[in-house]
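Q: sequence? don't have it. structure:
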């Protein structure tokens with residue numbers, strides 16, 4: 001949504017997200033669980049590229065559905081990969097941002113913008129009255145609302161050979177409650 005490479009680091013919030021102040025113009029996009037997110041008290045839509053002007057505060061509030069939100073920033077959070085991942089392992093104190101959860105006052109390094117990010121940033125920067133990327137067909141959310149019955153598709157794995165035919169049929173056809 002913000003033009004990053006798929007390996008770019010994002011911020012993940014569990015139940016509540018961060019409060020971020022941007023020192024330079026940027027693009028952000030929220031996905032995952034729905035959260036009450038605001039830019040200068042204006043509500044922020046999910047799954048849209050959003051222009052954030054330098055000096056602006058973005059508040060990712062409590063989740064209203066789901067429990068984890070993901071905030072992508074154009075350029076990605078510039079942290080070194082550890083074992084092929086940019087994720088933090090807080091228990092092991094490695095990876096991500098200094099191997100720990102973020103704290104008040106942390107300054108996150110942002111990586112270089114891709115060509116796609118630069119183009120989208122230039123487009124949105126030039127249209128201050130409309131600070132979200134809206135294209136024909138984007139008026140509907142990209143993900144279905146959470147809640148109610150959900151179909152989870154499965155494939156037989158190595159352990160499925162340990163089940164007899166009736167057990168496999170039962171597993172793949174019955175509803176489960178989580």
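A: Everything's here; your move. Remember, it's a predicted structure, so these values are computed and weren't measured experimentally. Numbering: from 1, shown residues only.

Q: Can you pull out the low-pLDDT segments for this protein?
A: 127-147 (pLDDT under 70).

Q: host element of the residue sitting nearest the centre point of it?
A: Of all residues in the chain, the one closest to the mean position by C-alpha atoms, centre = their mean is residue 70, 2.3 Å from it. Secondary structure from DSSP states H and E places residue 70 in strand 57-73.

Q: Buried residues of that strand, list them for me.
A: Within strand 57-73, the residues that count as buried by 16 or more other C-beta atoms under 10 Å are 58-60, 63, 69-73. Every C-beta, even on glycine, is put in place using the N, C-alpha and C of the backbone.

Q: Quick check: the farthest pair among the residues you listed?
A: 63 and 73 (19.4 Å; C-beta to C-beta).

Q: Between the two ends of stretch 91-99, how far is it?
A: 8 Å (C-alpha to C-alpha, to the nearest Å).

Q: Now do the contacts for residue 9.
A: 76-79, 86-87, 96 (C-beta atoms under 8 Å, 6 or more residues apart in numbering).

Q: who wins for most neighbours among the residues you listed?
A: residue 76 (24 neighbours; other C-beta atoms under 10 Å).

Q: thought that residue was touching residue 8?
A: Yes. Assessed by C-beta atoms under 8 Å, residue 76 is found in contact with residue 8 at 2.8 Å.

Q: got any residues that touch both of these two?
A: Counting by C-beta under 8 Å, 6+ apart, the residues touching both residue 76 and residue 8 are 86, 111.

Q: Residue 15: what's it in contact with?
A: 62-63, 67.

Q: so how far is stretch 77-95 from its chain's centroid?
A: From the chain centre to the centre of stretch 77-95 is a distance of 17 Å (C-alpha atoms, centre = their mean, to the nearest Å).

Q: Count the residues that sit near residue 113.
A: Residue 113: 19 surrounding residues under other C-beta under 10 Å.

Q: all strands for this protein, in order.
A: 11-14, 19-21, 26-39, 42-43, 50-52, 57-73, 88-89, 94-95 (DSSP state E).

Q: Out of those strands, the one nearest residue 158 is which?
A: Among the strands of the chain, strand 88-89 sits nearest to residue 158 (C-beta to C-beta), with 26.9 Å.
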